[in-house]
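# Generate a structure from the sequence data that follows.
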Amino acid sequence: MSEQEINTLVQADTQLPEQEVTQLPEQEVTEEDNAHPALQGIAKLSLARQIGLMLALAFSVAIGVAVVLWSQTPSYSLLMTDVAEKDAAEILEILDKQGVDYKVETGSGAIMVPTDDVRELKMKLAALGLPRSNSLGYELLDKETGFGTSKSSEALRFQRALEGEIARTITSIQNIKSARVLLAMPKQSVFIRKRKKPSASVIVKLYQGRSLEKNQIESIVHLVASSVPLLEPEQVTVVDQKGRLLNTKDSSDDMYLTSKQFEYKKQIEDHLMSRINNILSPVVGMDGLRVQVSADVDFTVTEKTQEMFNPDLPALRSEQVQEQQSSLSAIQGVPGALSNQPPPAGVAPEIAVGQETSSSAKTPQSASKSAVRNFELDKTITHTRMATGQLRRLSVAVVIDNQRIYGEEGEVISRPYSQEDVNRFSNLVKQAIGYDVSRGDQVTVSNVTFMTPETMEALPEIPLWEQGWFIDLMKQLAAVVVVLLLIFAVLRPAMRTLIGKDPEESKALADDSVQYDKNGVPIAIPAEDGEEDDIQSMETEDLLLLEAPQSYEKRLEYVRKLVDEDPKLVATVIKTWVAENG
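Numbers count the residues shown, from 1 in each chain. Presented below is the predicted three-dimensional model:
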């Protein structure tokens, strides 16, 4: 049979489908020609599978869009927390004016802004005085009050204002984030003999990882005590945000003095160490010098009172002299008869008047004299209080590293100091600390190697994962990976599973011997000379390909290609048709 006859038979055989196609409605032909195979597969699905397919597509698209939007959103960091409502409103208003994106957490009320803008926004808010303190100070007194405000209300307002001002002052101390002060001020009265003393409670909130030193706690206590009248430091209690008592009231004066004594001793030692370092570091270098000083300080408190008298320097303080003298008349006797008798006859005196003898002139006399004299001696009263913190002895230990000398080739050579150099260093140390043999001071200077030359190390670089752009890049890459997983791991298998294929078409597509062009048209492979025995098996496959759900034009084109490429195969097929129909 010639090739022309085969073509005639093929055309005659293919006229039947054309006639059948022309008999079909125009709408069905158009749908078969224009509809996409995927849509044709979806149309063949049941209603439940179509709904499931649509939901899977919508869910996958929603996840992809959400991941992409999440990758584009910037990362947020904390800007402010624990802010009063009034301050928070002002801060949000400023952020709105500057066009800054922000988020406010529902539970804590913290304000979150993009990470790159945190520092700049904090500086701007600080320049505007935000956030303001939660506590109010003397601003409360500026507010106008009603005409009927009682005296107790005014006193309460003043107390609140005082508490706010003290809290502001405490907050200015380093490491303290916020503070709250509560004052208990009892009412004073002149009719009460034993008045109650005021007291104060202070709670401080420290920054994360910070703590207060002892001198800072003492300064807070004395600051509060000095701000409130009649308030003593013992009546002030300081507590942190964790409930720990920072100042203890049961500390005695002895313990207080002990801590002060230790600080004084440490100050002496630090001062002497700095003097030694200043005098030796220019000679041996600061890195090649180690100094330790131990000071023995006497903190004994001694008081002495002494009273001394000097007998060699008497002084008359007062004198009282009393002298008494009296004389008696010559006629004496007891008055009586003889006293009334007339005097005897006169007798001429032998001695003229004015020339009486001492015997005739004597008359009885009496005299007394007394004197009282008070003397003051030179007296000295001395009250001496010996000074505390007297330095009794010093012990100094100095270690000096070997000297570094550069060799001829530039290498560093370690060489110990000579004994003369060590003695010279020892004399310098003695002069620096005020060495006193009578006190028993000891100074030891040793030359020991304790440093090894170290190579310079490069500064550590910031890890890649701690840089700001790395997080954004990872978010975008994660979004791309999720989208690709949705497409290739979810959507594509779901589409294949839900759409499905006809059994015969699936069998034909699964056969490796059948190939297709870019339009999806099966391509016939010419049989070789040694493969004529397989013609019978290939006939069935070709027939299946012809009966595949393809359009009439595609099947006709396939038949023409098959006739051009393998006429023998076409002839065999036609013979089979003739034999079956004959």
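# pLDDT below threshold where in the stretch 101-250 of the chain?
In the predicted model, the stretch 101-250 of the chain carries pLDDT under 70 at residues 132-136, 138-140, 142-144, 249-250.
# Now with 80, please.
Low-confidence segments of the stretch 101-250 of the chain, defined by pLDDT under 80, are located at 106-109, 116, 126-149, 151, 188-195, 248-250.
# quick one: the helices in it?
Remark: helices of the stretch 101-250 of the chain, listed N- to C-terminal, are 118-127, 139-142, 151-171, 214-227; assignment by DSSP state H, counting those that start in this stretch.
# One more: the stretch 251-400 of the chain?
With DSSP H, counting those that start in this stretch as the definition, the stretch 251-400 of the chain shows helices at residue ranges 253-284, 358-361.
# returning to that earlier point: could I get the helices of the stretch 101-250 of the chain in a markdown table, plus columns for mean neighbour count and distance to residue 57?
Backbone N, C-alpha and C define where each C-beta goes, glycine included. Shown next, in a markdown table, are these (neighbours: other Cβ atoms under 10 Å; distance: least, Cβ to Cβ, whole Å):
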| stretch | mean neighbour count | distance to residue 57 |
| --- | --- | --- |
| helix 118-127 | 13 | 41 |
| helix 139-142 | 12 | 63 |
| helix 151-171 | 16 | 59 |
| helix 214-227 | 16 | 66 |
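# what's the closest of the helices of the stretch 251-400 of the chain to residue 569?
Each of the helices of the stretch 251-400 of the chain has some distance to residue 569 by Cβ to Cβ; the shortest is helix 253-284, at 104.7 Å.
# now the angle between helix 214-227 and the closest one, please.
Note on geometry: by axes from the mean of the first three to the mean of the last three Cα atoms, to 10 degrees, helix 253-284 and helix 214-227 are set 130 degrees apart in direction.
# Show me which positions of stretch 191-200 end up buried.
Of all the residues in stretch 191-200, those buried under the rule 16 or more other Cβ atoms under 10 Å are 198-200.
# List just the nearest of those residues to residue 58.
residue 200 (65.8 Å).
# Show me where the stretch 401-550 of the chain has its strands.
Here the stretch 401-550 of the chain has its strands, by DSSP state E, counting those that start in this stretch, at 403-406, 412-415, 442-447, 515-516, 522-523.
# that older thread, could you dump the helices of the stretch 101-250 of the chain to JSON lines with distance to residue 426?
Supplementary listing: the helices of the stretch 101-250 of the chain in JSON lines, determined by distance: least, Cβ to Cβ, whole Å:
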{"stretch": "helix 118-127", "distance to residue 426": "54"}
{"stretch": "helix 139-142", "distance to residue 426": "66"}
{"stretch": "helix 151-171", "distance to residue 426": "50"}
{"stretch": "helix 214-227", "distance to residue 426": "37"}
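# Ok, which of those helices comes nearest residue 323?
The minimum distance between residue 323 and those falls on helix 214-227, with 71.2 Å, by Cβ to Cβ.
# Name the residues that touch that closest one?
Contact with helix 214-227 is made by 162, 165-166, 169-170, 173-175, 181, 200, 202, 204, 212, 231-233, 235-236, 238, 246-247, 259, as judged by Cβ atoms under 8 Å, 6 or more residues apart in numbering.
# Quick one, which of those are buried?
Buried residues within the contacts of helix 214-227, counting neighbours by 16+ other Cβ under 10 Å: 162, 165-166, 169-170, 181, 200, 202, 204, 212, 231, 235-236, 238, 246-247.
# Out of these, which comes closest to residue 556?
For the buried ones among the contacts of helix 214-227, the residue nearest residue 556 by Cβ to Cβ is residue 204; the value is 94.0 Å.
# coming back round to it: among the helices of the stretch 101-250 of the chain, which is nearest residue 71?
Between residue 71 and these, the shortest separation by Cβ to Cβ is 21.1 Å, and it involves helix 118-127.
# looking at the helices of the stretch 101-250 of the chain, which is closest to residue 65?
Distances from residue 65 to each of these were compared using Cβ to Cβ; the minimum, 28.9 Å, belongs to helix 118-127.
# follow-up on the earlier one: and among the strands of the stretch 401-550 of the chain, the most buried is which?
With neighbours defined by mean count of other Cβ atoms under 10 Å, none of the strands of the stretch 401-550 of the chain is more surrounded on average than strand 522-523, at a mean of 18.
# what is the mean pLDDT for it?
This predicted structure assigns strand 522-523 an average pLDDT of 52.
# For residue 559, the count of nearby residues, please.
The burial count assigned to residue 559 is 20, neighbours taken as other Cβ atoms under 10 Å.
# For it, pull up the helix or strand it's in.
helix 552-565 (DSSP states H and E).
# Just the C-alphas of that helix, formatted as PDB.
Included here for helix 552-565 are C-alpha records, laid out as PDB according to Å, rounded to 0.1, in the frame of the first residue of the first chain:
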ATOM      1  CA  TYR A 552      -9.600  17.700  17.100                       C
ATOM      2  CA  GLU A 553      -6.800  19.900  15.500                       C
ATOM      3  CA  LYS A 554      -4.200  18.400  17.800                       C
ATOM      4  CA  ARG A 555      -5.200  14.800  17.100                       C
ATOM      5  CA  LEU A 556      -5.100  15.600  13.300                       C
ATOM      6  CA  GLU A 557      -1.700  17.200  13.600                       C
ATOM      7  CA  TYR A 558      -0.400  14.200  15.500                       C
ATOM      8  CA  VAL A 559      -1.700  11.800  12.800                       C
ATOM      9  CA  ARG A 560       0.000  13.800  10.100                       C
ATOM     10  CA  LYS A 561       3.300  13.800  12.000                       C
ATOM     11  CA  LEU A 562       3.000  10.100  12.500                       C
ATOM     12  CA  VAL A 563       2.400   9.500   8.800                       C
ATOM     13  CA  ASP A 564       5.400  11.600   7.900                       C
ATOM     14  CA  GLU A 565       7.800  10.000  10.400                       C
END
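# Pretty sure residue 370 sits against residue 321.
Yes: contact criterion Cβ atoms under 8 Å: residue 370 and residue 321 qualify, at 7.3 Å.
# Tell me how many other residues crowd residue 67.
When neighbours are counted by other Cβ under 10 Å, residue 67 comes out with 20.
# host element of it?
For residue 67, the host element (DSSP H and E) is helix 47-72.
# could you say what helices and strands that helix packs with?
Judged by 3 or more Cβ pairs under 8 Å, 6 or more residues apart in numbering; DSSP states H and E, helix 47-72 is in contact with helix 468-485, helix 492-499.
# got the buried residues for the first one?
If you call a residue buried by 16+ other Cβ under 10 Å, then helix 468-485 has these buried ones: 472, 475, 479, 482-483.
# check contacts around the closest residue in space to residue 117 that isn't next to it in sequence.
On the basis of Cβ to Cβ, 6 or more residues apart in numbering, the spatially nearest residue to residue 117 that is not a chain neighbour turns out to be residue 100, at 6.1 Å. Applying Cβ under 8 Å, 6+ apart, one finds that residue 100 lies in contact with 113-114, 117, 121.
# can you pick the most crowded of these?
For the contacts of residue 100, counting by other Cβ under 10 Å, the largest number of neighbours falls to residue 113: 22 neighbours.
# is it in a bridge, and if so with what?
Residue 113 has these beta-bridge partners by DSSP bridges: residue 77.
# and it, what does it touch?
Taking Cβ under 8 Å, 6+ apart as the definition of contact, the neighbours of residue 113 are 76-77, 79, 95, 100-103, 121.
# Got a quick ChimeraX command for the buried subset of those?
What follows is the ChimeraX syntax for the buried subset of those, where burial is set by 16+ other Cβ under 10 Å:
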select :76,79,95,100,102,121
